[in-house]
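Visitor: Sequence and predicted structure, then a few things I'm wondering about:
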Amino acid sequence: MDSDDICLPHRFSVQVSMLEDADMVFGAALWFGTGIAGLRPTSPWRYTNADTGIALLHHMPFSNPTALMAREAVEELGGFRSTDVAEDYEFVLRAALSEKRILRTGIPVVLYRRSVGQVSQEDDYAERTRSEPTLWRTFSEHVNRVLPRLDWRTIASSAALTPAERQDFFTELALLTRRMSPALRGRYRRYAIRNVATMVATGRDHQV
């Protein structure tokens, strides 16, 4: 948490109990700006560990200020790496690769201040995330682990993606959503449609 975020009173009673069955626990948040009026909740969905692994193929699904982690898990992973952006995304991807158990409660646990000065609010943040080499390498390893049937490195490094290859990749992503909790399936099926072209184009740029 940053110094201007606010921990809600019930946070630790909710998350500490979840940490008995997990290595990392995240939660929903309530966003606010200059004042408490106009609070905006993040998504109310609960994520199982299986949900997390699939969601990470598309984005960082959690707000980092809501994180509660077992110390031994953080130490084993070596903490955050130095990246240009999205250190939290890269860290959680590594945690998933190391088979850490990662859960999320849909209960808001933090009031999270959003301001124009935040890196994640900058206009070029999405592009910087897609072009961050350390993040991309870890992401590629996660894709290969979750989608072992597809040769992701060959597809991502290809000068051109055939319609059949694109369809194979989309089909695999869409099938994965069937393994998610019912409340999340529709949302991530839409993400699969939207993100497949971006991920493949980015992979070609990085030549992983």
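Guide: Perfect, I can see it now.
Visitor: For the host helix or strand of Tyr112, name the packing helices and strands.
Guide: Assessed by DSSP states H and E, Tyr112 sits inside strand 102-113. Here strand 102-113 touches strand 6-7, helix 11-18, strand 24-32, helix 49-55, helix 87-97, going by 3 or more C-beta pairs under 8 Å, 6 or more residues apart in numbering; DSSP states H and E. For every residue, glycine as well, the C-beta is placed using N, CA and C.
Visitor: tell me the angle it makes with helix 11-18.
Guide: 170 degrees (axes from the mean of the first three to the mean of the last three C-alpha atoms, to 10 degrees).
Visitor: Now strand 102-113: average pLDDT?
Guide: What strand 102-113 shows for mean pLDDT is 94.
Visitor: just use 838 as the starting number from now, easier for me
Guide: Sounds good: first residue 838 from here, last item strand 939-950.
Visitor: Only the buried residues of that strand, if you could.
Guide: If you call a residue buried by 16 or more other C-beta atoms under 10 Å, then strand 939-950 has these buried ones: Ile939, Leu940, Arg941, Thr942, Ile944, Pro945, Val946, Val947, Leu948, Tyr949, Arg950.
Visitor: quick one, domains of this structure?
Guide: Domains of the chain are assigned by automatic domain parsing as 843-957, 965-1040.
Visitor: Any idea how far apart the tips of stretch 902-911 sit?
Guide: End-to-end span of stretch 902-911 (C-alpha to C-alpha, to the nearest Å): 15 Å.
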